[in-house]
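Enquirer: What follows is a predicted structure for the sequence shown.
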Amino acid sequence: MTEAVPLAGCRMLIVEGNWLISCDLKRMLARHGAVVIGPVATIDGALNLLRQNKIDLAFIDVSPNDELVQLLVNELTYQKIPFAFMASHLIDVLPTHFSVVPIVEKPFDTSAVIAEAQRLHRGP
């Protein structure tokens, strides 16, 4: 019997400024069947990929200094694409209007990322 791949065919946008983290995340998600769009390091790059591809969900590296992240969040929300933030010590200083967005804490482990991706992919 063939084992089900939990994220088979799920198209995920990865926005991550750290090249090593983005490569690890891409490999991790691909091993679980995801089709990774990107990764990309900038919000402008993410917006371009979003316009050019069908995206099922997104993981966004976020810092409180990045005012452009709101543009990406607005576009994802408009297109009804679920997303989660990836953050480390920055969690405490995210603006309050982001409090409903799921956060995958860095450094992350495979099970936390995959569980959040599955939850986002299934929907509410």
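Expert: Here it is on my side, so go on.
Enquirer: And the helix or strand of the chain with the lowest mean pLDDT, what's buried?
Expert: Using mean pLDDT, DSSP states H and E, the weakest-scoring helix or strand in the chain turns out to be strand 103-105, at a mean of 86. Judged by neighbour count (16 or more other Cβ atoms under 10 Å), strand 103-105 contains these buried residues: Ile103, Val104. (Glycine included, C-beta is placed from N, CA and C.)
Enquirer: Tell me which helix or strand comes right after that strand.
Expert: Later in the chain than strand 103-105, the nearest helix or strand by DSSP states H and E is helix 110-122.
Enquirer: that older thread, need the contact partners of the least confident helix or strand of the chain.
Expert: Strand 103-105 has contacts (Cβ atoms under 8 Å, 6 or more residues apart in numbering) with Phe59, Ala84, Phe85, Met86, Ala87, Ser88, Ile91, Leu94, Ala112, Val113, Glu116.
Enquirer: possible to save the residues you listed as a markdown table with secondary structure?
Expert: Supplementary listing: the contacts of strand 103-105 in a markdown table, determined by DSSP: H, G, I helix; E, B strand; the rest coil:
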| residue | secondary structure |
| --- | --- |
| Phe59 | strand |
| Ala84 | strand |
| Phe85 | strand |
| Met86 | strand |
| Ala87 | strand |
| Ser88 | coil |
| Ile91 | helix |
| Leu94 | coil |
| Ala112 | helix |
| Val113 | helix |
| Glu116 | helix |
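Enquirer: Just the buried ones among the residues you listed, please.
Expert: Among those, those classed as buried by 16+ other Cβ under 10 Å are Phe59, Ala84, Phe85, Met86, Ala87, Leu94, Val113, Glu116.
Enquirer: re earlier: could the contacts of strand 103-105 go into CSV alongside pLDDT and distance to Leu49?
Expert: What follows is these, written out as CSV (pLDDT from 0 to 100; distance: Cβ to Cβ, whole Å):
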residue, pLDDT, distance to Leu49
Phe59, 95, 13
Ala84, 94, 17
Phe85, 91, 17
Met86, 89, 17
Ala87, 82, 21
Ser88, 75, 24
Ile91, 59, 25
Leu94, 65, 23
Ala112, 90, 24
Val113, 92, 19
Glu116, 94, 20
